[in-house]
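Student: got a sequence here, can you model it:
(one chain, ligands or ions: 1)
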Amino acid sequence: MNYTQQLQRLNEYQKAAVFDESSACLVNANVGSGKTTVLITKVMYLHYEKQIPYEQMVVLTFTNKAADEIKERLYALEPEIKEEQLWGFGTFHSVCLTMLKKMLPVENLGYTKEFMVMDPDEELEMAEQLILTYQLKIKYKNRLKKRLEQKNSKYQDDIEKLKALLKEEKRRQDKMTFDELLDNTCKLVKMSAEIEEVSKKNANLQDNENTGMQDISWIIVDEVQDSDEKQLELIDCLKKTQTCFFAVGDPNQVIYSWRGSAFHIFYQLKTKYQATELTLPVNYRSSSEILAVARCFMQQGGTLQGGRESGDKIQIRNMYDPFQEADYLAGRIRELHASGLPYREIAIFYRLQNQSEIFEHVFEKEGIPFEVSLKKTVKDIPVLDWLIKVLRFSVNPKDKSSGIAALADKKYGDGMSVKEAEKTINILSETRKTQTEILKSENAKSGSDICEKMLEFSKVYASKQVALPEDLWSYFSLENHLHPTTASYVEDRTYVMDFFTRMITYQKEQQKNVVEGFSEFLNMASLYGMNILKKEIHNENDTVKLMTLHASKGLEFSHVFITGVNYGLIPLQTKSFEEEEEEQRLFFVGITRAKEHLELSYYTSPGQYRAAPGPSRYLRMIPGNLVEGQEKDRESSATHLQDLKRQILAERGEHRELQEAGKISGGKNPSENTGTKNISVGNETVTTEKRRVRHPKYGTGSVVREDDMMLTVDFDDYGEKELMKMFSGLEELP
Ligand SMILES: Nc1ncnc2c1ncn2[C@@H]1O[C@H](COP(=O)(O)OP(=O)(O)OP(=O)(O)O)[C@@H](O)[C@H]1O
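Tutor: Below is the predicted model:
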């Protein structure tokens, strides 16, 4: 659709937002009212009608997906647009990264232009290494991240010393955290503004000093309701008196308030910039029945007008348990597909990631094509997590933390302890001894081939080009590190080769030398962990989409099934009124993804820790006239259902047997080193104190049950998961 066609399609509210030229404008938009549509048309309007160059626009989005969508639409209209022209289109973090690399004097803050980005886990690892090296006494280490963020500590320990060491170490290793990308951009933009001010005053001394900063005419922000304090501060730094500010958002869709976003953002921005307020009230997505249900969960008042005619009433179903539900949905999807509905128009939502498992088993058996939206980042794939450390140290030998972590990795590294790895790196990098000398050295346990390779990488590849992924594979002797006899080898190798291919392609496309190109790619891998693996759901595939309510934001489907609307799941048990409100908004987001048809279901026997049987109170908030006849409890004893259940449980059992036989790798026994109080009930032990653990894939969580063999952990972002003790791969958190 070209610019004129796009403009003609808009309603009066949407046009008012596109044409608005006040110095600040806030668009309070309803769900599905065309925010994305307006934002893209606005950029086109400014460019084509007002002749604002793209390079003078900063268009900030909340996800990379949203930024890519806008860029793709612009490229489709004007394929000749250069990437540099769209430097300001991206997430807050990626735009800051570009500014720091290309426009701002990072050297003034003690960094080089080659600085690398580190994610929050890496910063924690660095802090843990420093605690070890300097023998620091730190209380509540399981809350180290929080404690490092807190300004004033009330505990008597070495936390302030650790903060200072960490700051120094990050600068020494030339690394910035995500937050520092924003903080440092702000600092340098402010410094540039001061220089400009001084040079204006001293105009007779020299012409306006070139601060390297682009003139920014427009700052445009999408999903402004999800911005946090740091992001607002960045907007404030970038906005000069002549810069116009335009933001769209929906206060009813705040689902990340734990990141600091809050309702007061609209109010704050409005008063700060004396912003004009506009609205987009008409929802074009959902049928009037679906909108009527959505209105029951709106918290911000206002009207939610519908732009579409009425459709099906919504349905509420009672399922005995998740097995019965999966079986029902398989049949229902088959029916819908037979009647001509593409699979891609069907979505199933749930509150916790672990709820997808039963659907996956059943759909696989029933031959229903599906995709599960997993929050997969490179960090979730152990081999890539390790490889990135190897590469980070290779392109930046100052980054000793990555080198140490790579060598000390139990599975892929050299199996050294952190201390041994540190010594090896220090000796090798400082004295550049050969491997034989290292072996003789008293201080190091053994020499390390990969350590030498990492240290020599920049030199070796200064003049050489990498042509194929195989070159890197053999350079680092990865065959030895990925252990060809292990079960994970084939999959690991595919991940590695795929990662190399992308990295080499990127470096060539950007016409950078190997070290520069790889560094940029690794920074992107930290920032866009998800995108880079292309594991996000692809809407073009004709598959049923399975995802958590959080992951559904911004998407739309003809038929939506929200499962497990039981108390304890939807909503989750909450600790505060604010959390409860956020749960409700999350449900609202889920409901408003549906265009034609919405089904909600609850279980009699949810089979999830903390979930209560029976309908959640949310279902009682929906007026009866919007619902098509409630079904009675379904018969749960159908023989085929019992068989299905048995089959799935048996498969789970086989999985355990494989683990027991050592075919699936695992880690240390987490109960070995705990001082937890446990109460035994029969064979089972109920944990009375919260034992915190970390799993390489599922993240952090608390142990809720354990017996001699098994251990059940309630993961913070995943929900409950049962693991074999011996092979759980869990790391005990202090
Ligand atoms: N003026 C219009 N006429 C007809 N359809 C429209 C119009 N504006 C937007 N739409 C359609 O309405 C749907 C929602 O639009 P869009 O995705 O831009 O909304 P949104 O506000 O970004 O949604 P969300 O609140 O879920 O983030 C899309 O299918 C879009 O094509």
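Student: check contacts around the closest residue to the ligand within the stretch 251-400 of the chain.
Tutor: For the stretch 251-400 of the chain and the ligand, the shortest gap (C-beta to the nearest ligand atom) falls at Tyr284, measuring 3.3 Å. For glycine as for every other residue, the C-beta is placed from the backbone atoms N, C-alpha and C. Contact partners of Tyr284, counting by C-beta atoms under 8 Å, 6 or more residues apart in numbering, are Gly32, Ser33, Gly34, Gly307, Arg308.
Student: could you report the pLDDT at it?
Tutor: pLDDT, Tyr284: 90.
Student: tell me the buried residues in the helix or strand harbouring Glu491?
Tutor: Using DSSP states H and E, the element containing Glu491 is helix 489-509. Going by neighbour count (16 or more other C-beta atoms under 10 Å), the buried part of helix 489-509 is Asp492, Arg493, Tyr495, Val496, Met497, Phe499, Phe500, Arg502, Met503, Ile504, Tyr506, Gln507.
Student: the last one and Ser519 touch, don't they?
Tutor: No: with contact defined as C-beta atoms under 8 Å, Gln507 and Ser519 do not form a contacting pair (9.5 Å).
Student: got the residue ranges for the helices in the stretch 501-650 of the chain?
Tutor: Ranges of helices in the stretch 501-650 of the chain, per DSSP state H, counting those that start in this stretch, are 514-527, 529-532, 577-591, 617-620, 639-660.
Student: no wait, the stretch 201-350 of the chain
Tutor: Along the stretch 201-350 of the chain, the stretches classed as helices by DSSP H, counting those that start in this stretch are 229-238, 264-273, 288-295, 322-338.
Student: worst average pLDDT in those?
Tutor: Of all those, helix 264-273 has the smallest average pLDDT, which comes to a mean of 82.
Student: how about residues contacting it?
Tutor: 23-24, 26, 28, 224-225, 227, 232, 236, 239, 245, 247, 249, 251, 275, 277.
Student: taking these, tell me the two that lie furthest apart.
Tutor: Maximum pairwise distance among those (C-beta to C-beta): 22.5 Å, between Ser23 and Pro251.
Student: more neighbours: which of those two?
Tutor: Counted by other C-beta atoms under 10 Å, Ser23 and Pro251 do not tie: Pro251 has more neighbours, with 22 against 15.
Student: pLDDT score assigned to the more buried one?
Tutor: Per-residue confidence at Pro251 stands at 74 (pLDDT).
Student: just checking, it touches Asn30?
Tutor: No: when contacts are counted by C-beta under 8 Å, Pro251 is not listed as touching Asn30 (10.1 Å).
Student: could you say which of the helices of the stretch 201-350 of the chain is packed most deeply?
Tutor: Most buried of these, by mean neighbour count (mean count of other C-beta atoms under 10 Å): helix 288-295, with a mean of 22.
Student: what sits against the closest residue to Lys175 other than its chain neighbours?
Tutor: Closest residue in space to Lys175, ignoring its immediate chain neighbours: Met118 at 4.5 Å, by C-beta to C-beta, 6 or more residues apart in numbering. Residues near Met118 by C-beta under 8 Å, 6+ apart: Met126, Lys170, Lys175, Met176, Thr177, Ser526.
Student: check Val224 too.
Tutor: Val224 touches Leu26, Ala247, Val248, Gly249, Ile265, Phe266, Leu269, counting by C-beta under 8 Å, 6+ apart.
Student: any idea how far the fourth one lies from Met298?
Tutor: In this structure, Gly249 and Met298 are 15 Å apart, going by C-beta to C-beta, to the nearest Å.
Student: helix or strand for the closest residue to the ligand within the stretch 51-200 of the chain, which one?
Tutor: As assessed by C-beta to the nearest ligand atom, the ligand sits closest to Ala66 within the stretch 51-200 of the chain, at 8.9 Å. Using DSSP H and E, Ala66 falls within helix 64-77.
Student: which strands and helices sit next to that helix?
Tutor: Counting contacts by 3 or more C-beta pairs under 8 Å, 6 or more residues apart in numbering; DSSP states H and E, helix 64-77 packs against helix 35-48, strand 57-61, strand 89-91, helix 529-532.
Student: can you list the ones you listed in CSV and add mean pLDDT and mean neighbour count?
Tutor: As requested, these are exported to CSV (pLDDT from 0 to 100; neighbours: other C-beta atoms under 10 Å):
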stretch, mean pLDDT, mean neighbour count
helix 35-48, 93, 22
strand 57-61, 94, 25
strand 89-91, 92, 23
helix 529-532, 48, 19
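Student: would you format the ones you listed as JSON lines with distance to the ligand included?
Tutor: Listed next are the helices and strands packed on helix 64-77 as JSON lines, based on distance: least, C-beta to the nearest ligand atom, whole Å:
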{"stretch": "helix 35-48", "distance to the ligand": "3"}
{"stretch": "strand 57-61", "distance to the ligand": "11"}
{"stretch": "strand 89-91", "distance to the ligand": "16"}
{"stretch": "helix 529-532", "distance to the ligand": "18"}
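Student: any chance of these in a markdown table, plus distance to Tyr603?
Tutor: Output for the helices and strands packed on helix 64-77, formatted as a markdown table (distance: least, C-beta to C-beta, whole Å):
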| stretch | distance to Tyr603 |
| --- | --- |
| helix 35-48 | 35 |
| strand 57-61 | 37 |
| strand 89-91 | 38 |
| helix 529-532 | 30 |
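Student: tell me which of these sits nearest to Val560.
Tutor: helix 35-48 (19.0 Å).
Student: the closest one to strand 57-61, inter-axis angle?
Tutor: Counting by axes from the mean of the first three to the mean of the last three C-alpha atoms, to 10 degrees, helix 35-48 points 170 degrees away from the direction of strand 57-61.
Student: for helix 35-48, the distance to its chain's centre please.
Tutor: Centroid separation between helix 35-48 and its chain, computed with C-alpha atoms, centre = their mean, to the nearest Å, is 27 Å.
Student: and Val589, what does it touch?
Tutor: Val31, Gln253, Ile255, Leu549, Ser552, Lys553.
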